[in-house]
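Visitor: prediction below, plus the sequence it came from.
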Number of protein chains: 2
Amino acid sequence: MDIKNNRTSENTMEAACKVTDDICLPDSKFPRVVIIGGGFAGLALVEKLKHKELQVVLFDKNNFHQFQPLFYQVATSALEPDSIVFPFRKQISGYKNVAFRLVEVEEIQPSLNTLITSKGKVHYDYLVLATGTTTNFFGMDSVEENSLGMKDIRDSLNIRHMMLQNLEQAAITCDDDERDALTNFVIVGGGPAGVEMAGALAEFCKYILPKDYPEYPSSIMKIYLIEAIDELLSTMSDKASSKTLKYLKDLNVKVLFNESVSDYDGSQVTTKSGKTILAKNLIWTAGVKGQFPKGIDEKHVVKGNRLKTDSNLKVEGHENIFAIGDIAAIITEQTPKGHPQVAQTAIQQGKYLGSSLLKIMEGEAVKPFEYKDKGSLATVGKRKAVADLGKFKFAGYFAWLLWSIVHLLSISGFRNRLMVGFNWAVSYFSYEKSNRVIIRNFKPKSVIHTKK
Amino acid sequence: MDIKNNRTSENTMEAACKVTDDICLPDSKFPRVVIIGGGFAGLALVEKLKHKELQVVLFDKNNFHQFQPLFYQVATSALEPDSIVFPFRKQISGYKNVAFRLVEVEEIQPSLNTLITSKGKVHYDYLVLATGTTTNFFGMDSVEENSLGMKDIRDSLNIRHMMLQNLEQAAITCDDDERDALTNFVIVGGGPAGVEMAGALAEFCKYILPKDYPEYPSSIMKIYLIEAIDELLSTMSDKASSKTLKYLKDLNVKVLFNESVSDYDGSQVTTKSGKTILAKNLIWTAGVKGQFPKGIDEKHVVKGNRLKTDSNLKVEGHENIFAIGDIAAIITEQTPKGHPQVAQTAIQQGKYLGSSLLKIMEGEAVKPFEYKDKGSLATVGKRKAVADLGKFKFAGYFAWLLWSIVHLLSISGFRNRLMVGFNWAVSYFSYEKSNRVIIRNFKPKSVIHTKK
């Protein structure tokens, strides 16, 4: 006897599958816009295109949007991952013209208007690339194999697990050198991600370590921040840079300027000038590069692996392919390097394309994309942040409060805001953080490769 | 130039390492009790031995205690894992005679009073095995390779990820048979774990599926519960069994009695009587077996891979080795199969040994362990639970409320209780659950093995 579902017309969906598509998608009489990537840019675009006369298909290799600005808090056990990621299916619930599919896109075939994905071929009428960036190790294999970037929620969890495993191993070992290496942290890159990570680690060292590891004094954990030029947060004001440096020094972070990493074997960092630092924890925030499926002619790719677009974000050489967010580069006299690769740009480009796409499709003229700099914020620790808001440049408690409010309001989903707000409130009064548990053992890539 | 930590006597711990130990442990003039495993039994014992004239060393392969009774809620995205696991270091904070080390114990050498661990050798004066049980697939390799047990927080996360991945794939495929297999769930074992899992999945299907997957009707997801004998919750009262069956039927769970699984290829379940069910989701709760390091003579091992102990929980044939919790079997006329393998037994045995250990060490007589049955509770869904409390046997809203309160109060840590309480409250009023995100892709063991 076979127990099978009784199929009625109600639960047979085969009819809905387009013959040319390998992926099941609803029938639609409207043109299909495929968006690859649901980051800040992709999601802002989806929000603008909902309920419009278009079939919107969102592809992402994850089933959730990630709130990158708080990755460092997940890495240092201040927040749980589920508080800063948000399922696409919750986001698009009720948007009848929007479909999400968990699919990795491998190749674009522009001449056929077709995508080759991990699950087969799919047709598009219009394609929007919102695939963002990944960590750039600038070809240094030894660093890539032994360190961790911070461009994905899994990176954050890997950093957390690496850190907790190493602190546990430090309690086990009887070897002083090994214990030093296990408890030393090197962060490369003095941009917002590096500065925020260094500050959070320093606070962990000051408030959590003595409670969790009475075995050793908190002085055992050393934090180094390596920056290639002579200032931190170089895109912000001088005031912000110098104040940030002071905050970090107050927290005992050792900042090394005009220095960069030349080699890393997993235990010892070697710098360009020949310094060596014993450290089994290396966090790399020193660069990013664009990532997108193959199929776009190399001549349209500019520095940082970004796609050159016109002022309407249409990729050069294509009539129906657009790029938004970190991978889009509108190169003009005013923006010779393209716009800054930050959340604000991504959101503004997603909204802009959402408003102009229908017109662009009709061949109508639309105004070029204009970036509005809303200012910059960065935080080093509790009550310590810097802010550049146009003419107003300030630092300290108020900047920190502003940082907290802006980030809290930017997180997707009411429940997530509540969870983050709750954790921050507990942490504000107690310095206590969420549970420091190692759920998945972390192994550096080099170890995994050796085991093969 | 070398940047190294300056070593002062303050942060040199080598002196604290015992010469005979490979693992760094504090010096102590008191006898050393090593406890392997920080489950309900191990942790209850630690609590009793804190601040006593003993050196207590807790070894566990995880850095956290797990609250097993709520694993099924993590599997169905009702709770996040960090709400039901609790770091040992938080638990033992301030217990000066207790040390935790993240170590896997591989072998016991009773004649040398030595343990061989993943990090080297360690001496013990007294050893307590509290290593619990693992899933028993009864030698059915095809089932073990393709299904998931639920005896570890990672199992719960794997079930969650398997389920969400399969539901996403069901939205992609154009093949009706494949879609059926992806959306069908088979749970094997009609004990509390199986019943609670079936109920939670049925509620997911009823309340979450239509919101998240408007692509298909909720009737597409079928849930089968397979039980080897002719009743559910066989250790509870007849009233509890029949009421549970009614609850599950109301939730459209298909219960198959007097039936068991004979084969599973990852897509099709074959039962002993020859039935076949298309299902890519198989959850196995049908059996457990004791797990402990090698080194104990086989003649002291009884059915279910448990260790035969005397009435003081001392392992047969050993003077300084004890067993508590699921792996301990006190075989008497009153308990021919040992005590039930439940949290209550484990906690009572941990407490008992904690109170009697010092006396036992001195060779003084102590009363034998006596189990007090505090009753049983099981829940099927919101407002649906059954309770057997001595003469009082009841079901429904009040049983469910009692179940909720008992479990909430049993969870370690104030923060965890708050998180679970918050999530349950939100869920009570809205049926909404926590974020359904796939953070680590799940691959069945068979797939991983093939890839090697």
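Guide: Yep, that arrived. Numbering: from 1, shown residues only, chains lettered A, B, ... in the order given.

Visitor: can you give me the helices for the stretch 1-150 of chain A?
Guide: For the stretch 1-150 of chain A, applying DSSP state H, counting those that start in this stretch gives helices covering A:40-49, A:71-75, A:88-91, A:141-146.

Visitor: what's downstream of the one helix or strand residue A:349 maps to, the next helix or strand?
Guide: Assigned by DSSP states H and E, residue A:349 falls within helix A:343-361. Counting by DSSP H and E, the next helix or strand C-terminal to helix A:343-361 is strand A:376-381.

Visitor: next, the buried residues of that following strand.
Guide: A:376, A:377, A:378, A:379, A:380, A:381 (16 or more other CB atoms under 10 Å in any protein chain shown). In this view, the C-beta of every residue, glycine as well, is placed from N, C-alpha and C.

Visitor: and what of stretch A:290-303?
Guide: Under the neighbour-count criterion of 16+ other CB under 10 Å, stretch A:290-303 has A:290, A:291, A:292, A:293, A:295, A:296, A:300, A:301, A:302 buried.

Visitor: for those residues, which one is nearest residue A:173?
Guide: residue A:291 (38.3 Å; CB to CB).

Visitor: burial check on the closest residue to the closest one other than its chain neighbours, number of neighbours?
Guide: Nearest residue to residue A:291, sequence neighbours excluded (CB to CB, 6 or more residues apart in numbering or on different chains): residue A:134, at 4.7 Å. For residue A:134, the neighbour count with other CB atoms under 10 Å in any protein chain shown is 16.

Visitor: returning to what we had before: quick check, nearest of the buried residues of stretch A:290-303 to residue A:68?
Guide: Distance to residue A:68 across the buried residues of stretch A:290-303 (CB to CB) is lowest for residue A:291, with 14.3 Å.

Visitor: ok, that closest one - contacts?
Guide: A:131, A:132, A:133, A:134, A:305, A:327 (CB atoms under 8 Å, 6 or more residues apart in numbering or on different chains).

Visitor: could I get these as TSV with distance to residue A:200 and pLDDT?
Guide: As requested, those are exported to TSV (distance: CB to CB, whole Å; pLDDT from 0 to 100):
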residue	distance to residue A:200	pLDDT
A:131	28	98
A:132	23	98
A:133	22	97
A:134	22	97
A:305	29	97
A:327	28	98
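
Visitor: want to throw those into JSON lines with distance to residue B:400?
Guide: Formatted as JSON lines, the contacts of residue A:291 follow (distance: CB to CB, whole Å):
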{"residue": "A:131", "distance to residue B:400": "47"}
{"residue": "A:132", "distance to residue B:400": "45"}
{"residue": "A:133", "distance to residue B:400": "49"}
{"residue": "A:134", "distance to residue B:400": "48"}
{"residue": "A:305", "distance to residue B:400": "56"}
{"residue": "A:327", "distance to residue B:400": "51"}
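
Visitor: just the buried ones from those?
Guide: Judged by 16+ other CB under 10 Å, buried ones among those: A:131, A:132, A:133, A:134, A:305, A:327.

Visitor: residue A:329 versus the fifth one, what's the distance?
Guide: Same thing as residue A:305. Between residue A:305 and residue A:329 the distance is 10 Å, computed by CB to CB, to the nearest Å.

Visitor: before we move on, what about residue A:50?
Guide: Going from residue A:50 to residue A:329 by CB to CB gives 28 Å.

Visitor: which one of these two is surrounded by more residues?
Guide: Legend: neighbour count by other CB under 10 Å for residue A:50 and residue A:329, higher for residue A:329 (25 against 17).

Visitor: that one touches residue A:338, doesn't it?
Guide: Yes: assessed by CB atoms under 8 Å, residue A:329 is found in contact with residue A:338 at 3.4 Å.

Visitor: so what's residue A:271 up against?
Guide: Per CB under 8 Å, 6+ apart, neighbours of residue A:271: A:226, A:256, A:259, A:260, A:261, A:262, A:277.

Visitor: assumed the last one was part of a helix.
Guide: Just to be clear, that refers to residue A:277. No: going by DSSP: H, G, I helix; E, B strand; the rest coil, the assignment for residue A:277 is strand, not a helix.

Visitor: residues touching it, list them.
Guide: The contact partners of residue A:277, taken as CB under 8 Å, 6+ apart, are A:184, A:186, A:224, A:268, A:269, A:271, B:3.

Visitor: surely the fourth one and residue A:275 touch.
Guide: It refers to residue A:268. No: applying CB under 8 Å, one finds residue A:268 not in contact with residue A:275, separated by 10.4 Å.

Visitor: how many neighbours does residue A:216 have?
Guide: 19.

Visitor: that one and residue A:170 touch, don't they?
Guide: Yes: if you go by CB under 8 Å, residue A:216 and residue A:170 touch, sitting 7.2 Å apart.

Visitor: find residues that contact each of the two.
Guide: Common neighbours of residue A:216 and residue A:170 are listed as A:179, A:183 (criterion: CB under 8 Å, 6+ apart).

Visitor: point out the residues in the stretch 101-250 of chain A that sit beside chain B.
Guide: Contact residues (CB under 8 Å from any CB of the partner chain) of the stretch 101-250 of chain A with chain B: A:101-103, A:119, A:153-154, A:157, A:164-165, A:168-169, A:171-174, A:176, A:179-180, A:184, A:211-217, A:219-220, A:222, A:224.

Visitor: rerun at 7 Å
Guide: Neighbours of chain B within the stretch 101-250 of chain A, by CB under 7 Å from any CB of the partner chain: A:101-103, A:119, A:153-154, A:164, A:168, A:171-174, A:176, A:180, A:211-212, A:216-217, A:219-220, A:222.

Visitor: of those residues, buried ones?
Guide: For these, a burial check counting by 16+ other CB under 10 Å picks out A:101-103, A:119, A:153, A:164, A:168, A:171-174, A:180, A:212, A:216, A:220, A:222.

Visitor: now, the residues you listed that are in helices?
Guide: A:153, A:164, A:168, A:171, A:172, A:180, A:212 (DSSP state H).

Visitor: and the residue lying closest to the fourth one once chain neighbours are set aside, how many residues sit next to it?
Guide: The one in question is residue A:171. Spatial nearest neighbour of residue A:171, excluding adjacent residues (CB to CB, 6+ apart): residue A:215 at 5.1 Å. Residues near residue A:215, counting by other CB under 10 Å, number 19.

Visitor: for residue B:25, see how far away residue A:215 is.
Guide: Distance of residue A:215 to residue B:25, computed by CB to CB: 9 Å.

Visitor: please apply the same query to residue A:74.
Guide: Applying CB to CB to residue A:74 and residue B:25 gives a distance of 32 Å.

Visitor: repeat that for residue A:30.
Guide: Counting by CB to CB, the gap from residue A:30 to residue B:25 is 69 Å.

Visitor: quick one: which of these two has more around it?
Guide: residue B:25 (22 against 12).

Visitor: in the sheet, who's paired with the closest residue in space to the more buried one that isn't next to it in sequence?
Guide: Excluding the flanking residues, the one nearest residue B:25 by CB to CB, 6+ apart is residue B:99, at 5.8 Å. Under DSSP bridges, the beta-bridge partners of residue B:99 are residue B:57.

Visitor: what about residue B:99, how many residues nearby?
Guide: 21.

Visitor: surely it and residue B:26 touch.
Guide: Yes: here residue B:99 reaches residue B:26: they are 6.1 Å apart, a contact under CB atoms under 7 Å.

Visitor: quick one on the thing from earlier: mean neighbour count and mean pLDDT added to the helices of the stretch 1-150 of chain A, as CSV?
Guide: Output for the helices of the stretch 1-150 of chain A, formatted as CSV (neighbours: other CB atoms under 10 Å in any protein chain shown; pLDDT from 0 to 100):
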stretch, mean neighbour count, mean pLDDT
helix A:40-49, 25, 98
helix A:71-75, 26, 96
helix A:88-91, 22, 96
helix A:141-146, 18, 95
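
Visitor: what's the closest of the ones you listed to residue A:317?
Guide: helix A:40-49 (20.7 Å).
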